[in-house]
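1. Whatever this is, show me its structure:
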Amino acid sequence: MKDLRNENVNPFLGFFSDASMFAVVTEHCSRGSLQDLLRNEDVKLDWMFKSSLVLDLIKGMKYLHHRDFPHGRLKSRNCVVDGRFVLKITDYGFNELLESQNAPYEETLPEELFWTAPEFLRDPLSVRKGTYKGDVYSFSIILQEVVVRGPPYCMLGLPSEEIIRKVKKPPPMCRPTVAPDQAPLECIQLMKQCWSEQPDRRPTFDEIFDRFKIINKGKKTNIIDSMLRMLEQYSSNLEDLIRERTEELEVEKEK
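-> Numbering: from 1, shown residues only. Just a heads-up that it's a prediction; the model follows:
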C-alpha cells in the first residue's frame, strides 16, 4: 500500500492508533466523496464532466489491478475528489488489514451491499476476498450512480432488502434500469456488460479503459469547458454564502 503511487489512487500515509481507536491515514480530498458530489444539487454536472470523473476511476482501478491489487470494497463513497476535481480511489487494502487484525465479521446493512457482486452475496464469508471481476461489478454500479445522478437502484422503488434478495437469487436478473437518453449508448452497453451475472463475461479494466476512451474520443476540450463552468458555479455559490454571512453579522452587530 505504501508503494502505490498514481494520480487516481489516494496515497496511503500510515496508521493512527490511540487507545481503542485504530485508523488508516490518507490524503485529505477537499471535495469529499464522489457520492457527496453527485448528491450536491448545487453542483452542475454535464455528461463531459461526469465522464471525466469516470475515466479517473477507470485509470485508478486499472493501476491497482496492474499492481495485483484487487480493491474488494469499491463504492462511490470511497472514491474521493480533490480540489482540482481529480477523482482518487481510497480504502484499497482494507480487507487485508481487517483479516490481519482478525477483525470479526459484522452484519452489513442491505444498502451497503448494492456494490457487492452477486457471487459474494451468496457466500458472505468470501466478502473480504476481493477479486478483479468483483471490482468490475462494483464499478458498474458506480457508473449507474454517475449516469442517473442518483443512488444505486433508485429507479426501482424497492426496499433495500428486496433488491439484495433479488440480486442474490435470480432469475429474473435484478439490475438498475437506465434510460437510453441518459448517457451514450456505448456507455450503457458497457455498464450492462460489467454487471453480468457471470464474472468471466465482465471485461477487464484495460478493456473498459479502451472502450471508454472511444466513447469520449476528441472531447477533451469539452471536459475543460465543463470544469470551468463548474468552478464558476462554485465561485458564485461562495459569493452568495459570503454575502449572506456578512448580512447576518451586520444584523447581530446592530443588536
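2. Where does the prediction get shaky in the stretch 101-250 of the chain?
-> For the stretch 101-250 of the chain, applying pLDDT under 70 flags the ranges 127, 218-237.
3. The same query, at a cut-off of 80, please.
-> Counting by pLDDT under 80, the stretch 101-250 of the chain contains low-confidence residues at 101-107, 124-129, 216-241, 243-245, 248-250.
4. And the helices in it, which stretches?
-> 118-121, 132-148, 160-168, 185-194, 205-215, 220-254 (DSSP state H, counting those that start in this stretch).
5. Using TSV, lay out those together with distance to Asp68 and mean neighbour count.
-> C-beta here means a position set from N, CA and C on the backbone, and glycine is covered the same way. Written out in TSV, the entries for these read as follows (distance: least, C-beta to C-beta, whole Å; neighbours: other C-beta atoms under 10 Å):
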stretch	distance to Asp68	mean neighbour count
helix 118-121	19	19
helix 132-148	9	23
helix 160-168	28	17
helix 185-194	21	17
helix 205-215	13	16
helix 220-254	31	12
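6. Now render those helices as a markdown table, adding distance to Lys59.
-> What follows is the helices of the stretch 101-250 of the chain, written out as a markdown table (distance: least, C-beta to C-beta, whole Å):
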| stretch | distance to Lys59 |
| --- | --- |
| helix 118-121 | 25 |
| helix 132-148 | 12 |
| helix 160-168 | 28 |
| helix 185-194 | 15 |
| helix 205-215 | 7 |
| helix 220-254 | 14 |
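7. looking at those, which is closest to Asn10?
-> The minimum distance between Asn10 and the helices of the stretch 101-250 of the chain falls on helix 132-148, with 15.5 Å, by C-beta to C-beta.
8. Give me the angle between the closest one and helix 185-194.
-> If you take axes from the mean of the first three to the mean of the last three C-alpha atoms, to 10 degrees, helix 132-148 sits at 140 degrees to helix 185-194.
9. For helix 132-148, which helices and strands make contact with it?
-> On a contact count with 3 or more C-beta pairs under 8 Å, 6 or more residues apart in numbering; DSSP states H and E, helix 132-148 meets helix 34-39, helix 47-66, helix 118-121, helix 185-194, helix 205-215.
10. got the CA coordinates for it in CSV?
-> Taking Å, rounded to 0.1, in the frame of the first residue of the first chain, the C-alpha atoms of helix 132-148 are listed here in CSV:
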residue,chain,number,x,y,z
TYR,A,132,-10.8,-8.3,-10.2
LYS,A,133,-14.2,-9.3,-11.6
GLY,A,134,-15.9,-8.3,-8.4
ASP,A,135,-14.3,-4.8,-8.7
VAL,A,136,-15.7,-4.6,-12.3
TYR,A,137,-19.2,-5.3,-11.0
SER,A,138,-18.8,-2.6,-8.3
PHE,A,139,-17.6,-0.1,-11.0
SER,A,140,-20.8,-0.8,-13.0
ILE,A,141,-23.0,0.2,-10.0
ILE,A,142,-20.9,3.4,-9.5
LEU,A,143,-21.3,4.1,-13.3
GLN,A,144,-25.1,3.9,-12.8
GLU,A,145,-24.9,6.4,-10.0
VAL,A,146,-23.0,8.8,-12.1
VAL,A,147,-25.2,8.4,-15.2
VAL,A,148,-28.5,8.9,-13.5
